[in-house]
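Asks: task: produce atomic coordinates for the following.
(chains A and B)
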There are 2 protein chains.
Amino acid sequence: MTASSTGEIFPPPNSVGLVKPEICQFTQPLQLASGNVLHDWQLMIETYGKLNADASNAVLICHALSGNHHAAGYHSEEDTKPGWWDAYIGPGKPIDTRHFFVVALNNLGGCHGSTGPSSINPVTGKPFGPDFPVLTVSDWVDSQALLADRLGIQQWAAVVGGSLGGMQVLEWSLRYPQRLGHAVVVASSPKLSAQNIAFNEVARQAIMSDPDFRDGRYQEAEVIPRHGVALARMVGHITYLSEHSMGEKFGRDLRTDKLNYGYDVDFQVESYLRYQGKSFSERFDANTYLLMTKALDYFDPAEAFDGDLVKALAPIQCRFLVVSFSTDWRFSPRHSEELVNALTAAQKRVSYARIKSPHGHDAFLIPDQRYEAVFTAYMQRVAKETRQGEVS
Amino acid sequence: MTASSTGEIFPPPNSVGLVKPEICQFTQPLQLASGNVLHDWQLMIETYGKLNADASNAVLICHALSGNHHAAGYHSEEDTKPGWWDAYIGPGKPIDTRHFFVVALNNLGGCHGSTGPSSINPVTGKPFGPDFPVLTVSDWVDSQALLADRLGIQQWAAVVGGSLGGMQVLEWSLRYPQRLGHAVVVASSPKLSAQNIAFNEVARQAIMSDPDFRDGRYQEAEVIPRHGVALARMVGHITYLSEHSMGEKFGRDLRTDKLNYGYDVDFQVESYLRYQGKSFSERFDANTYLLMTKALDYFDPAEAFDGDLVKALAPIQCRFLVVSFSTDWRFSPRHSEELVNALTAAQKRVSYARIKSPHGHDAFLIPDQRYEAVFTAYMQRVAKETRQGEVS
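Replies: Down below sits the predicted model:
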């Protein structure tokens, strides 16, 4: 621990502290759902905690649409914010790094160091851009299985994720049923609704109709489709918050003391959204955004079983914790309950918690006593099994 | 009645039949909330039914964001669709044209014949474009009061409207309390929530960031910000439908028999939304869209009373019918109930119906037995008063 210039102690209590991303290179060809094959690819990862002797204490964290490998801790003492799930990963936190070896990665197709649209295409020597193949949740899980091999992890103690991350967790349980002990699916869905797809399509159209998108070759043209990405994020952001939480946060507060009678910002909520959109457009790749939304749209494990999710779930061997949030309207509790009911009908072991929260979809990222309690209790059970494994 | 080439009888039963828009010119200066004044302005209107001798049977129809004066009937026998509220206006319909003289108009600032941003600015000889003043709901009501004067209507039997139209109805009851007998407010709100404003802001940003918007002077440049308007409409359209109705209509149906693994249309809902956006962008003016959304955002009669809606409602003399729809999430029943509760607390006379409907916000436009029954019963009471007026 050191004291920073502002006098605050670094790292904060219960933090994993300073962490360092690592690159994992792969030369195994990755066969994709689209029919394409990725040769030579890499994943950017972070790990927290220590892998135990029999490699039975590993937890995989799967990220959501705009997430990445930096799930917990800090990259430097100057960082003003920790990783995106720091509230739930660390010593004494639900995913307790005193017990677990935690692996977080940037998904393939991402824009934070893993191979994706902004990487150089070895065939052309230029960025892939729109030539980067569309990926699916199952492609991600296949790449994560190769990562597990690389790290010497035969079976994850748990695979954990929220939102799009939760879909990866479900896919793990179906595709590699023997390679995980527990599945923790938070604020997620076994498939998108028409409304979910519609919002994604608006985001894609916003990006693709920005003249600076240049059919996805903006990187070569040294421009960025800023307006399109900002708009996509603004739409997305509205769906992450509940009407109630937006109301509490902004209400009808004006930015200045009177109306403009013009088309500039009048209300605080407009200013906030514009800022969110702008700052996102400066840090997130447009082609990756498109790719992530398509992976969301395509996910539907029941599809191959004529829409029968119960049948689709037959291969599952692990236990499930499913968590939803009362005011989440992006993936409302009904989405989680569809999964829970199907798991139950398929005679799988599942615990379900519907958490009362005002924070909408974003609740899965935000500290909340009840959510923490449920999450901690479940992960302590997982930890206990892991320790028994060590002894036996 | 005539038989069309397709063998269908024209007009259909209970239709007001062929109708003709009329222009009403005004030279009274209209003082606007923004401080601007409109000299020489016009309203495009339609009327159905006949004004009775004491002008006591007149009903004013106020339109919503993208509405206009063509509320019922047909402009020609070739029209494939009638006016936007034809399901509720006509002989034997809730607003029964056998009893009522119905007046519908295109609001000032509109793009269907009333003076608006695409009209010629007499000062410059060019289209107003962005120089057209931002209007408020109270400006519209003032212009409608001058229209009532012109038509010789001292008091409306009822002022009726859905969504943004309902806001105009409420404003009528506050601004000209003696000039209406009844207020019918459907699927509306006494003020937008932060989330409502946020969606409007996304729509505005989509339009204003389209390079063809040209700071609002696209008409002079002979271009149209099509992509921006289409995006705005796509976002709006999602908020008009319920998640359930989108699911029923489209589900996850694919447009062809397999996924594209590209960024083209995969799902029917995407194709539908793109079509809705495109066709809207060909018929609706971008500056009018901006203006309408700002009028929505600004409306808040309680604001001048420190947010106390009960106090704001003190001037009201008319009776109210308020209708909401169970799956409307743009203006959820809570919005209507805020108004109903305040009317009750202010000791005003109000009937309230929360109609169970799967159709979201659009329900106010769609035939529905229960909604029709409530609406008809209420308007029959209004008609009865009107007839008593005639006799006395």
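
Asks: pLDDT value on residue A:262, please?
Replies: pLDDT, residue A:262: 93.

Asks: check the secondary structure at it for me.
Replies: coil (DSSP: H, G, I helix; E, B strand; the rest coil).

Asks: likewise for residue A:196?
Replies: Applying three-state DSSP: residue A:196 is helix.

Asks: who touches residue A:212 in this structure?
Replies: By C-beta atoms under 8 Å, 6 or more residues apart in numbering or on different chains, the contact list for residue A:212 reads A:218, A:221, A:223, A:224, A:225, A:226, A:227, A:228. Placement of C-beta: from N, CA and C, glycine included.

Asks: can you give me phi and psi for it?
Replies: Main-chain dihedrals, residue A:212, degrees, to the nearest 10: phi -80, psi 0.

Asks: can you check residue A:69 too?
Replies: Dihedral pair for residue A:69: phi -70, psi -20, per degrees, to the nearest 10.

Asks: residues near it, how many?
Replies: Counted by other C-beta atoms under 10 Å in any protein chain shown, the residues lying close to residue A:69 total 26.

Asks: excluding covalently adjacent residues, which one is nearest to it?
Replies: Closest residue to residue A:69 apart from its sequence neighbours, by C-beta to C-beta, 6 or more residues apart in numbering or on different chains: residue A:106 at 4.3 Å.

Asks: before we move on, the earlier item: which ones among the contacts of residue A:212 also lie next to chain B?
Replies: residue A:227 (C-beta under 8 Å from any C-beta of the partner chain).

Asks: which stretches of chain A form strands?
Replies: A:2-3, A:9-10, A:22-26, A:30-31, A:37-38, A:41-48, A:58-62, A:89-90, A:95-96, A:101-105, A:156-162, A:180-186, A:319-325, A:350-355 (DSSP state E).

Asks: where does chain A have its least confident helix or strand?
Replies: Least confident element among the helices and strands of chain A, by mean pLDDT, DSSP states H and E: strand A:2-3 (a mean of 56).

Asks: which one of the contacts of residue A:212 sits closest to chain B?
Replies: residue A:227 (4.0 Å; C-beta to the nearest C-beta).

Asks: so that closest one sits right up against residue B:207, yeah?
Replies: No: using C-beta atoms under 8 Å, residue A:227 is not in contact with residue B:207, being 11.2 Å away.

Asks: burial count for the closest residue to residue A:105 other than its chain neighbours?
Replies: Of all residues not flanking residue A:105 in the chain, residue A:45 sits nearest, at 4.5 Å (C-beta to C-beta, 6+ apart). By the measure other C-beta under 10 Å, the count of residues near residue A:45 is 21.

Asks: pull the contacting residues for residue A:45.
Replies: Counted by C-beta under 8 Å, 6+ apart, residue A:45 has contacts A:21, A:22, A:23, A:24, A:69, A:103, A:104, A:105, A:106, A:147.

Asks: check the residues you listed against chain B and report the nearest one.
Replies: residue A:106 (21.2 Å).

Asks: who in the stretch 51-200 of chain A is up against chain B?
Replies: A:130, A:133, A:134, A:191, A:192, A:193, A:194, A:195, A:197, A:198, A:199.

Asks: do that again at 10 Å, thanks
Replies: Within the stretch 51-200 of chain A, the positions near chain B by C-beta under 10 Å from any C-beta of the partner chain are A:130, A:133-136, A:191-200.

Asks: please spell out which residues along stretch A:220-235 are buried.
Replies: Within stretch A:220-235, the residues that count as buried by 16 or more other C-beta atoms under 10 Å in any protein chain shown are A:224, A:225, A:226, A:227, A:228, A:229, A:230, A:231, A:232, A:233, A:234, A:235.

Asks: so residue A:80 versus residue A:67, what's the distance?
Replies: 18 Å (C-beta to C-beta, to the nearest Å).

Asks: before we move on, what about residue A:22?
Replies: Relative to residue A:67, and taking C-beta to C-beta, residue A:22 is found at 17 Å.

Asks: the two: which is more packed in?
Replies: residue A:67 (26 against 13).

Asks: hang on, the more buried one packs against residue A:83?
Replies: Yes: in this structure residue A:67 lies within contact range of residue A:83 using C-beta atoms under 10 Å: 9.4 Å.

Asks: overlap in contacts of the two?
Replies: A:61, A:104 (C-beta atoms under 10 Å, 6 or more residues apart in numbering or on different chains).

Asks: against which helices or strands is the helix ranked longest in chain A packed?
Replies: Longest helix of chain A, by residue count under DSSP state H: helix A:369-391. Using 3 or more C-beta pairs under 10 Å, 6 or more residues apart in numbering or on different chains; DSSP states H and E as the contact test, the elements touching helix A:369-391 are strand A:58-62, strand A:95-96, strand A:156-162, strand A:180-186, strand A:319-325, strand A:350-355.

Asks: the last one and chain B in contact?
Replies: Right, the one you point to is strand A:350-355. No: applying C-beta under 10 Å from any C-beta, one finds strand A:350-355 out of contact with chain B, separated by at least 17.8 Å.

Asks: just the CA atoms of that strand, as PDB, please.
Replies: Extracted in PDB, the C-alpha atoms of strand A:350-355 (Å, rounded to 0.1, in the frame of the first residue of the first chain):
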ATOM      1  CA  VAL A 350     -30.600 -24.000 -10.700                       C
ATOM      2  CA  SER A 351     -30.900 -21.200  -8.100                       C
ATOM      3  CA  TYR A 352     -32.700 -18.100  -9.100                       C
ATOM      4  CA  ALA A 353     -32.700 -14.600  -7.600                       C
ATOM      5  CA  ARG A 354     -34.800 -11.700  -8.800                       C
ATOM      6  CA  ILE A 355     -33.200  -8.700  -7.200                       C
END
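
Asks: give the pairing partners of it; include direction for each.
Replies: strand A:319-325 (parallel) (DSSP bridges).

Asks: residues near residue A:174, how many?
Replies: Residue A:174: 16 neighbours (other C-beta under 10 Å).

Asks: ok, it - contacts?
Replies: Contacts of residue A:174 (C-beta under 10 Å, 6+ apart): A:138, A:141, A:183, A:301, A:312, A:313, A:314, A:315, A:316.

Asks: ok, it to residue B:145 distance?
Replies: For residue A:174 relative to residue B:145 (C-beta to C-beta), the value is 65 Å.

Asks: isn't residue A:193 up against residue B:250?
Replies: Yes: proximity of residue A:193 to residue B:250 meets the contact threshold set by C-beta under 10 Å, at 9.3 Å.

Asks: which residues do the two both contact?
Replies: By C-beta under 10 Å, 6+ apart, the residues touching both residue A:193 and residue B:250 are residue B:269.

Asks: in chain A, where is pLDDT below threshold?
Replies: A:1-7, A:388-392 (pLDDT under 70).

Asks: what about residue A:304, neighbour count?
Replies: Neighbours of residue A:304 using other C-beta under 10 Å come to 10.

Asks: can you get me a residue count around the residue lying closest to it once chain neighbours are set aside?
Replies: Leaving aside its sequence neighbours, residue A:304 sits nearest to residue A:312 (C-beta to C-beta, 6+ apart; 7.0 Å). By other C-beta under 10 Å, the residues close to residue A:312 number 21.

Asks: got it, and residue A:46?
Replies: Look at residue A:46: counted by other C-beta under 10 Å, it has 23 neighbours.

Asks: ok, now which ones touch it?
Replies: A:16, A:19-22, A:61, A:68-73, A:75, A:83, A:102-106.

Asks: same check on residue A:175?
Replies: Applying C-beta under 10 Å, 6+ apart to residue A:175 gives the contacts A:137, A:138, A:141, A:142, A:144, A:145, A:168, A:301, A:315.

Asks: let's see that with 6 Å instead.
Replies: Counting by C-beta atoms under 6 Å, 6 or more residues apart in numbering or on different chains, residue A:175 makes contact with residue A:141.

Asks: how about residue A:268?
Replies: Residue A:268 touches A:250, A:253, A:255, counting by C-beta under 6 Å, 6+ apart.

Asks: residues in contact with the first one?
Replies: Listed by C-beta under 6 Å, 6+ apart, the contact partners of residue A:250 are A:268, A:269, B:194.
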